[in-house]
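Peer 1: predicted structure and sequence below. I'll ask about it afterward.
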Amino acid sequence: MYLARGSTDDPEAWLWALAALALYVLISFWLQYRARARRGSRHPASDALHDLKDREDRQPAPKYFLSLLIMFGGGAVVGLVAYTTSGALRVVAVVLTAVVAVTAWAYYDHRTERRIPQDT
């Protein structure tokens, strides 16, 4: 029965993971929006959303591996910060560390994605 419940006693762990993914999507959207606006797009928000939706091609193997390494390394650092702190400091430290880690991950993915010339 233990396996059916999951491996964690904290049901809020899923909320933290979903918050990290939502933050990744928001940062990725902002980076795409900023790039589209700089390129002079008439509708940068709409174009940025389409760019995010069309990300189906994987990165080349070395870049994909480094992206995964940044993601898992950031998760490990966040876990280490959560393990070594307690109380209100834990919440603040974990949130700040997670924001920095997710921002680094999204920025790396944005800078290394394959660019396909599209009409603006």
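Peer 2: Now that the structure is in, tell me what you want to look at. Numbering: from 1, shown residues only.

Peer 1: contacts, neighbours, all on C-alpha from now
Peer 2: Noted.

Peer 1: so which elements touch the strand or helix carrying residue 24?
Peer 2: Using DSSP states H and E, residue 24 falls within helix 13-38. Packed against helix 13-38 by the contact rule (3 or more CA pairs under 8 Å, 6 or more residues apart in numbering; DSSP states H and E) you find helix 44-53, helix 88-112.

Peer 1: quick one: the residue nearest in space to the middle of the chain and residue 40, what's the gap?
Peer 2: Central residue check for the chain by CA atoms, centre = their mean: the C-alpha nearest the mean position is that of residue 24, 2.8 Å away. Going from residue 24 to residue 40 by CA to CA, to the nearest Å gives 24 Å.

Peer 1: how about the helix holding residue 24: buried residues?
Peer 2: 20, 23-24, 27-29, 31-33, 36-37 (16 or more other CA atoms under 10 Å).
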